[in-house]
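Student: below is the sequence, then the predicted model.
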Amino acid sequence: MADTSGKTQSGESDVLVYLLCRVAAAIFNIVAVALFTRLSDAHLYGEYLIGFSICFIVYSLTVQWAVFAHFGTYTQEAADRFAGSLLVISAVMTIPALSVIAVLAATDTLEIHIAWGSAFLAVCFTAYFASTEIARARLRPGLVAIATILRSALSMLLGCAALYLFDSPTALLMAIGIGYALGAIPIFVFLARTSWAKGFVWPLKSDVWGMLRYGWPLIFAFGASAGALNIDRIVLEHYTNAASVAPYGAVMDLMKQTFLVLAEAISAGYIAHARKHMLNKDEHEVGQVLRRSFISQVFIVVFGTTAFLVLGRLVFGIILAPSYVDTALEIMPFLLIGNAILILRAHYFGQIIYLGASSMLELIASVAMVAAAVVAAFMLVPDMGPKGAAFSFAIGQMVALVILIVGAPKAARMPIDWVSAGMLLAAGFSLTVIGLELQVLIGHLWANTISILLIGIVSAFFAIRWNIFNIGEVAGKLMGKMSRA
């Protein structure tokens, strides 16, 4: 494993902040799923998920590229101008975003009441993600943490209020949108008191053109990627109905709010520091930071997947509405495979475009991913239903991952710690086999109790031994204080 010294420069402190805030936000989001699935029927919740998916695809196709182009071209010396560039481009690109949604509504592809909610949510997405990107690029994890937790808490509260008062998918979409918009306020207040104390800093034409040159392939790449992430539920709704999308989307959202959220925190903390070292031409530190990022991502994939496989019935029974549980358990293995590949693709190997590879690689991978996912979905969903949708999602992710690994320039390939990854996989496999066998031998209650303890002990061992999430250093300090007491 990489040396853990110099934690600030390697991103350990930032990762810990991002981790804690994402965990707090994830708790709110999980509670929100539990409440939303109980306050609405499956048809209403399914319509909300379709509206959210359409919004996400449109936002990714029209606006999201600007966020990543900002990160890919950002320099500390021109931070205020780059912030202005991001905000100006994002504001302009909301026009085609709203136009696309309007066309979908006009052609009856999307019901008009859902289109209103999706359009409002797209505008709020734009404000929120632009603000958090500005704070992340400036290495202000505390601000990102405040925005993230505030957004999740308000989305949960406002979403529940919308369902209780209006019982409408449109109201739920708009309530979630308001939560996103309000979450961005702390960052904009900070900018108003610092960078914009003497007025908004407008970008230079060269700044805007630089982002456009870097980001134009991402316009298609992120649109294709978002399509691949959501085409499964859209095709499922096409062949069945909105009600069948509800348990499928609920399981997917639950996975996103657990180990996928942690993967995003790891990426947000490490990659920003790896890019900083790259700009300083410190190749050794870049490699060290990336190896820590890789092992942290594999740690999340292994123990997250193990926990769902062993404790899935317990988790779904507590969080989801009772009518969702059987379907959730049927599709869980396929979605776990897809989400494990998604983490490695998006939050590790896909980050290569910020560390020396052309953004064209992301475009090629994303187009191939959406093509594979679409073909697989139309082939599998008619006969297999939700399981076919989940399998098509996994196929799309695998195609993109292979392209990112094989197509990466030799000088910029992301490092892989095969030994550490193998140890984690062996531990996860053993825990899964033990947990499933215990359920047969002694019943679910005691088996779940023992499995929770075993997963906790083994994951804590690796986290402390390899200082994942800075836990080893924190544990060392606590032990030192206890020994002196």
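Tutor: Everything's here; your move. Residues are numbered from 1 along each chain as shown.
Student: which helix runs longest in the protein?
Tutor: helix 283-319 (DSSP state H).
Student: output the contacting helices and strands for that one.
Tutor: helix 7-10, helix 12-39, helix 242-255, helix 261-279, helix 325-347, helix 418-442, helix 444-465 (3 or more Cβ pairs under 8 Å, 6 or more residues apart in numbering; DSSP states H and E). Backbone N, C-alpha and C define where each C-beta goes, glycine included.
Student: tilt between that helix and helix 444-465?
Tutor: For helix 283-319 against helix 444-465, the angle by axes from the mean of the first three to the mean of the last three Cα atoms, to 10 degrees is 160 degrees.
Student: list the buried ones in helix 283-319?
Tutor: Residues of helix 283-319 classed as buried by neighbour count (16 or more other Cβ atoms under 10 Å): 285-286, 288-316, 319.
Student: and for stretch 407-427?
Tutor: Neighbour counts over stretch 407-427 (16+ other Cβ under 10 Å) mark Gly407, Ala408, Arg413, Met414, Ile416, Asp417, Ser420, Ala421, Met423, Leu424, Ala427 as buried.
Student: per-residue confidence averaged over it?
Tutor: Computed over stretch 407-427, the mean pLDDT rounds to 89.
Student: next one: stretch 69-84
Tutor: 85.
Student: between the two ends of that stretch, how far is it?
Tutor: Length of stretch 69-84, first residue to last, Cα to Cα, to the nearest Å: 13 Å.
Student: so how far is it off the chain centroid?
Tutor: On the basis of Cα atoms, centre = their mean, to the nearest Å, stretch 69-84 sits 23 Å off its chain's mean C-alpha point.
Student: what does it rub up against?
Tutor: The set of residues external to stretch 69-84 that reach it, using Cβ atoms under 8 Å, 6 or more residues apart in numbering, is 85-86, 89, 133-134, 136-138, 191, 195-196, 200-204, 207, 210-212, 214-215, 218, 272, 275, 279, 353-354, 359.
Student: which one of the helices and strands packed on helix 283-319 has the lowest average pLDDT?
Tutor: helix 7-10 (a mean of 45).
Student: re earlier: of the helices and strands packed on helix 283-319, which is nearest Ser152?
Tutor: Ser152 lies closest to helix 12-39 among these, at 3.8 Å (Cβ to Cβ).
Student: could you say what helices and strands that closest one packs with?
Tutor: Using 3+ Cβ pairs under 8 Å, 6+ apart, the elements in contact with helix 12-39 are helix 42-62, helix 141-166, helix 242-255, helix 261-279, helix 283-319.
Student: make it 6 Å
Tutor: Helix 12-39 makes packing contacts with helix 141-166, helix 242-255, helix 261-279 when contacts are defined by 3 or more Cβ pairs under 6 Å, 6 or more residues apart in numbering; DSSP states H and E.
Student: look up the closest residue to Phe308, ignoring the ones flanking it.
Tutor: The shortest distance from Phe308 to any non-neighbouring residue, by Cβ to Cβ, 6 or more residues apart in numbering, is to Leu336 (5.7 Å).
Student: isn't that neighbour right up against Thr305?
Tutor: Yes. Counting by Cβ atoms under 6 Å, Leu336 touches Thr305, with 5.1 Å between them.
Student: please report how far Ala42 lies from Trp466.
Tutor: 43 Å (Cβ to Cβ, to the nearest Å).
Student: from Gly177, how far out is Thr170?
Tutor: For Thr170, the distance to Gly177 equals 11 Å [Cβ to Cβ].
Student: oh sorry, the question was meant for Thr75
Tutor: Counting by Cβ to Cβ, the gap from Thr75 to Gly177 is 32 Å.
Student: for those two, work out which one has more neighbours and name it.
Tutor: Neighbour comparison, Thr75 and Gly177: the larger count goes to Gly177, with 25 against 12 (by other Cβ atoms under 10 Å).
Student: helix or strand: which one has the more buried one?
Tutor: helix 169-183 (DSSP states H and E).
Student: check the offset of that helix from the chain's centre.
Tutor: 19 Å.
Student: still on that earlier bit, will you turn the buried residues of stretch 407-427 into JSON lines that also has distance to Gln64?
Tutor: As requested, the buried residues of stretch 407-427 are arranged in JSON lines below (distance: Cβ to Cβ, whole Å):
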{"residue": "Gly407", "distance to Gln64": "22"}
{"residue": "Ala408", "distance to Gln64": "22"}
{"residue": "Arg413", "distance to Gln64": "25"}
{"residue": "Met414", "distance to Gln64": "22"}
{"residue": "Ile416", "distance to Gln64": "28"}
{"residue": "Asp417", "distance to Gln64": "30"}
{"residue": "Ser420", "distance to Gln64": "32"}
{"residue": "Ala421", "distance to Gln64": "30"}
{"residue": "Met423", "distance to Gln64": "36"}
{"residue": "Leu424", "distance to Gln64": "31"}
{"residue": "Ala427", "distance to Gln64": "36"}
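Student: which among those residues gets closest to Ile149?
Tutor: Nearest to Ile149 among the buried residues of stretch 407-427, with distances taken as Cβ to Cβ, is Leu424, at 29.1 Å.
Student: contacts only, for the closest one.
Tutor: Contacts for Leu424 (Cβ atoms under 6 Å, 6 or more residues apart in numbering) come out as Val298, Phe299, Val302.
Student: leaving aside the residues adjacent along the chain, what's closest to it?
Tutor: Leu424's closest residue in space is Val302 (Cβ to Cβ, 6+ apart), at 4.6 Å.
Student: how near is the one you found to Gln439?
Tutor: In terms of Cβ to Cβ, Val302 sits 20 Å off from Gln439.
Student: before we move on, the earlier item: may I see the buried residues of the helix or strand following the helix holding Gly177?
Tutor: Counting by DSSP H and E, the element after helix 169-183 in chain order, helix or strand, is helix 185-193. By neighbour count on 16+ other Cβ under 10 Å, the buried set for helix 185-193 is Ile185, Pro186, Ile187, Phe188, Phe190, Leu191.
Student: and for stretch 247-254?
Tutor: Residues of stretch 247-254 classed as buried: Pro247, Tyr248, Gly249, Ala250, Val251, Met252, Asp253, Leu254 (neighbour count, 16+ other Cβ under 10 Å).
Student: what distance separates that stretch from the middle of the whole chain?
Tutor: For stretch 247-254, the separation from the chain centroid amounts to 14 Å (computed by Cα atoms, centre = their mean).
Student: what's it in contact with?
Tutor: Outside stretch 247-254, the residues that touch it by Cβ under 6 Å, 6+ apart are Val33, Thr37, Leu49, Arg233, Leu320, Tyr324, Thr327, Ala328, Leu335, Pro386.
Student: thanks a lot, see you next time.
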